[in-house]
Every structure is written in structure tokens, then in C-alpha cells.
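A.B. asks: need a 3D model of the sequence below.
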Amino acid sequence: MASVVFPRNETIKVKPVSIRDVKIEGFFNPYLERNREKSIPLMYGLFKKHGTVENFKIAAGISKKEITRRLATDSDLYKWLEAISWDLQNYPDKRKEKFLDKMIDLVRKTQEPSGYIDTYYTGSFKKYRFKFLENSHELYCGGHLIQSAIAHYRSTGKEKFLDIAIKWANYITKKYDNGELSVNDGHPEVEMALVELYRTTNNKKYLELAGKLMEMPYTHLGNKCFLEMNEVMGHAVRIMYLLCGATDYYLETKREDYYERIRLLEEDFFSGKYYITGGIGSRYQHEAIGLKFELPNLMAYSETCASISLMMWLYRMFFVRQDVKYFNLFERVLYNAFLAAISLKGTEYFYVNPLASTGDHFRKQWYDCTCCPPNFQRFMASLASYFYATGNDEIWINLYDKSRARITLENRETVLINMETDYPWDGNVKIDVKKKGNEKIKIHLRIPDWSSITRIKFKDRVFTVEESCYFTLEIIDDCSFEMFFDIKPELYCGNPSIESDRNCVAICRGPLVYCLEGCDNNFDIFNLFIPSQSFEEGTDKNFHGIIRISGYGMLNRDTNFLYRKGIPEYQFNKVKFNAIPYFSWANRKPSSMIIWVNNYENKKRRSNEDTG
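C.D. replies: Prediction:
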């Protein structure tokens, strides 16, 4: 199976769909093309410029230069190789396949006879191997090695990269089995990689090692082992990668204690620890998730890798429980926090994704810790695998875009799906289904939580759905059906406990969160108040075809003070504002930006207090 995740346990009713079986032709197609034609090639040039590739040549004895020591930089190369591997399923390319062979040969030459590989801990740093595992990222890099090798194997059928990963995994397993290693890597990642290696090789010792690691305390996650954790806290990427590993481990072992702990942490997370953009991580300090409702906007951290790791976990939770909430949030992350991370040219990236800016936040091509760019590339290259899932006689449609899919069910029946839509700009989706068999199948359609009223036209019937769910159609023959999602600009508010969003509103349109940029509004956007209204919208053909939203607001002119006696008094002027999708901000010139805007309400509010 050529998918990112492939649960092995036969009790799991849902299976993934291979990347190569889904062809995306709509909204995300330009992103896939830029990823292949610009982002990935540019990354290679930057790796050569900053010593990432040279490090492997030095460690292999090919080059006599000095190692460029950046902690965990090997993992960046592995993620990048993974991106190329997955992308071979989107765009088969013999030339790139040969290039991968060359790069994999370099990795093979770097690996020591024992199985150890990490260019940081070579030369004079060899003496530090496993001495500071809580901070060394040695297992973290090994985890990315495994994931990259599995991607290459599942995309090409070649085993030589997989053999390198297996050799490393055997080396590490032996270290833990004989007691040479007894502490955990401070950055979880290898856990889910080991489970996937078990799924790929059917060697249970990798699954057992993943379980053994999760029984050890994690230094940077409260110094607790997984089953002791009661809240989603600490470094955002680390806790999400750990949740991925724990969920994978549960899927294969069905251990009830893991299920209960995962659900406990899920409840804590969903109760108040993610942004309206789907981003996570509210603190610059330790790149951490904060307390419940601690969600500052200007100082939001919301690391790009954290958004990716969240989607990875939500995808795994879908295999545990086919609850619509997982892909509802997945979609929100995908179109907002994730897409905002890359420039519309495909050449610069955000590491940090705030929800407000004074105009001093920019994307860059390179970071000294450049984990986010190749992580973005590998996730984008694998995006097609997240659209559908299958069962014995069932298909789940989780994401929408103009696309074609060839799906083979567990009962071996082949189903062809053609999806026509201009989603997310338009809410109309037409789906044609062709079956090569006479068995009845069920198609589960995700109804997003933002669509107040969804209509589904199937044969001579029209169904109206007023809540988010998986709506099921039973199909026997070839057929077509249409879905009409209720996409329109709407105001959203946050829980009053979110201090940064209190008395504020945000504009959303379907899955897209909108923002105001200073370059579109000739006034101080932080001093604007927006009332309830009917918004105007229109396509901007000069700015990548985005749909702009415009309306009116009240601009406060009384701002020449810091503090003063009395309650707030305002002097308003009525102004017109323009808003653009959050993912498109910071693509023109330095500019301020805001999502949450002051709420202007000119009606008296009724008190809830008992006056009688």
C-alpha cells in the first residue's frame, strides 16, 4: 500500500488510499506543481549552500571539509528525500528516481557498519553519542530516516533505503534490549516511525520498542511517560508527534489503557488549545502549548511543524473513530495555518505563524533550524492520500477538491470517482461514481461544521443536512450526486475566556479564515470595529484569483492616551475595509495584519441579571 500510514491490525475497519490513486486537479494542483518545480529543487540548493549535503560526504569520508554542526539537520535531508519519494506517485519521473538512488547511496556510505548514522556525532563529537539523549535528537533523526525510507519503498518498490533504516532500527533495538540505553530521546518522533516499520516489515520488535520508549519519561513533556500525561502541554511538535506514535501503537495493539489516555488528551486539546486557524503552540518559550484558552494573537507561536504534526495526529484519530470532528479540524489547519506557511511563489516559509502582526513578520527561504520547509514539502507531496479512506464496502470522502480517484475496496471492487468543484471558493461539489461490480457500497460524505445548511441531490431526492456529520449514501450502480455547501462570509467569536479574542470577531468564509492587511486598508486596522452586516465579495484576478471580502467598520479616532479615568468613550468614523484569506497574507509588501477585529455593537445588550 503506497500511503503515508497503513494500519496492519485486521480489526481496523478503515484503510487509507494510495497517493498514486488520487489525482488532484483543482485548488491544490498549483501548490503541488510549485512544490515539485520550485520548492523541492530550491531546497537542494540551500542544503548544498549550508552544508547539509556536505555533512554526509564528510561523514562518509568522501570530503575532507569540516562538519557544519546544526542539531538534527540530518532529519531535514530525510524529510526532503521523503517529499521527493511521495511526489513520485503524483508525478512519476525516472530522472528524479535516479537522483534519489544517488542520494540514498550517499546515506548508505555514511552509515557505519554497526548501523549508527548521525553526521552531527562524527569526528570529534563521536564521544558524545547517546550521552545527552534528552537533547541530542539522535532517535528523532533516526525516526525521520525510517519514514523517508518507507516513503521511498512504498513509492518505488526498491528496498535499499529501507535496508539502511532497518539496519539503524536493529542497532537501536539492540541497545535498548541489552540495557546500554535506558532513557528516552527528548524529541518524540521515532515512536510512530517504529510502528510504521513494523507495519512494513511485520517484525514485531519495532512495535515493542515503540511501546518501551513510551513507558519512559519525556524530559521536555513534564518528565512523564505517555500513560502519566493528563493534558496536552509542552513543546507543541513533540507532544503531537508523541500522540501520533501512541495512536499508531494503540491501533496495532488495541491496548485499552492507551485508548483511554489518548481520549483524555484529546478532550483536553479540543476544549481550548488551538487557534481559529488550526495552529497550535501559544508560547515562544519552549515553542509550547499553553494553558486552556491561552491563545494570544500577536505573540502566537503556531509553528508550521506543529500544524503538520496536528494534521498527522488527526488523521490517525480518524482510523480510531470515524468522528467528523477530526477532518473538520484537519481542513481548518490545512487551508489556514498550513497554507499560510509558504509564500504564493513557493520559495519562502514561515516558521512562526501569528494571528496578528505589526508589519515586521516575514517568510524566509532558510532558517538555521530549517525543520519546517522540508516538513511542508513532504506533507504537500503526500496530500492526495488524505482525501479518501475505504472499508470493506465503504468509502469516506474527507476533503474536497477537483480530482479523480481510483479506489479498490477490501472486497476487491474498483470504484472510480470524479469530483468537479471550485472548492473552497464555491460550495458546489458534483461527484460521479463508476463501479465495476454489482455490490452495494456506502459513501460517507463529510459535512463540514461551517456549513449551516447542506443540500445533497441524489437521483430524484434532495436531502437537507443541518449539522456536521458523515452523511451516507448507498450506491449500487453508476451514479452522480451533487452537494451544496453553505459557503458565505460569516462572523465568528471566541470563547470569552480567550483573553485576546474577547469582544472581537473574525471573518470566515467556508473553511477559510480571513484577515485584514494594512496594505489593503488605509487606516490603523488595530483600531477598527466591525458590526454585524452583509458582506460583499469578489474575485481578485490580479492576486492569484482569491476571493476578497469587503464591508464597513467604525474607526476610532480617540487614541491619544494610554490610560485615563472613566469608561471607554469612542469617536468613530465609518470606513470601508477589505479582507483577504489568511493563507495569502504577507505576499506583497511589509504590512500589518489582524484576524480578530474589535466588535462594534450599536444595540443595547440585555442584562442576564435578575432585576426583579
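A.B. asks: for Ser452, pull up the helix or strand it's in.
C.D. replies: In this structure, Ser452 sits in neither a helix nor a strand according to DSSP states H and E.
A.B. asks: how close does it sit to Met483?
C.D. replies: 14 Å (Cβ to Cβ, to the nearest Å). For the C-beta atoms, the positions are set from N, CA and C on the backbone; glycine is no exception.
A.B. asks: for stretch 363-380, measure first residue to last.
C.D. replies: 18 Å (Cα to Cα, to the nearest Å).
A.B. asks: what about that stretch, average pLDDT?
C.D. replies: Averaged across stretch 363-380, the pLDDT comes to 97.
A.B. asks: give me the contact list for it.
C.D. replies: Stretch 363-380 is contacted by residues 31-32, 35, 39-40, 42-43, 46, 50, 70-73, 75-77, 79-80, 82-83, 86, 151, 303-305, 308, 311-312, 338, 341-343, 347-351, 586 when judged by Cβ atoms under 8 Å, 6 or more residues apart in numbering.
A.B. asks: what do you get if the cut-off is 7 Å, keeping everything else the same?
C.D. replies: 31-32, 35, 39-40, 42-43, 46, 50, 70, 76, 79-80, 82-83, 86, 303-305, 308, 341-343, 347-351, 586 (Cβ atoms under 7 Å, 6 or more residues apart in numbering).
A.B. asks: same question, stretch 90-102
C.D. replies: 19, 32, 36, 81, 84-85, 88, 152, 156, 381, 384.
A.B. asks: among the contacts of stretch 363-380, which are in helices?
C.D. replies: Judged by DSSP state H, helices contain the following of these: 31-32, 40, 42-43, 46, 76, 79-80, 82-83, 86, 304-305, 308.
A.B. asks: mind saving the C-alpha coords of stretch 349-361 as PDB?
C.D. replies: The C-alpha coordinates for stretch 349-361 follow below in PDB (Å, rounded to 0.1, in the frame of the first residue of the first chain):
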ATOM      1  CA  TYR A 349       8.400  29.900   4.500                       C
ATOM      2  CA  PHE A 350       7.100  31.000   7.900                       C
ATOM      3  CA  TYR A 351       8.500  29.100  10.900                       C
ATOM      4  CA  VAL A 352       6.100  31.000  13.200                       C
ATOM      5  CA  ASN A 353       2.500  31.800  12.100                       C
ATOM      6  CA  PRO A 354       1.000  34.700  14.200                       C
ATOM      7  CA  LEU A 355      -2.600  35.800  14.000                       C
ATOM      8  CA  ALA A 356      -1.600  39.400  14.100                       C
ATOM      9  CA  SER A 357       1.400  41.400  13.000                       C
ATOM     10  CA  THR A 358       2.600  45.000  13.200                       C
ATOM     11  CA  GLY A 359       4.400  44.500   9.800                       C
ATOM     12  CA  ASP A 360       7.700  43.000  10.900                       C
ATOM     13  CA  HIS A 361       7.000  39.300  10.200                       C
END
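A.B. asks: off-centre distance for that stretch?
C.D. replies: The gap between where stretch 349-361 is centred and where its chain is centred comes out at 18 Å by Cα atoms, centre = their mean, to the nearest Å.
A.B. asks: got the buried residues for that stretch?
C.D. replies: 349-357, 361 (16 or more other Cβ atoms under 10 Å).
A.B. asks: check stretch 260-277 too.
C.D. replies: Those would be 261-262, 265-266, 268-269, 272-277, for stretch 260-277 by 16+ other Cβ under 10 Å.
A.B. asks: can you give me the helices for the stretch 351-500 of the chain?
C.D. replies: 372-381 (DSSP state H, counting those that start in this stretch).
A.B. asks: closest to Val4 out of the ones in helices among the contacts of stretch 363-380?
C.D. replies: Trp86 (7.5 Å; Cβ to Cβ).
A.B. asks: ok, which stretches of the stretch 151-300 of the chain are strands?
C.D. replies: Applying DSSP state E, counting those that start in this stretch to the stretch 151-300 of the chain gives strands spanning 234-235, 288-289.
A.B. asks: distance to Phe535 added to the ones you listed, as TSV?
C.D. replies: Output for those, formatted as TSV (distance: least, Cβ to Cβ, whole Å):
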stretch	distance to Phe535
strand 234-235	39
strand 288-289	33
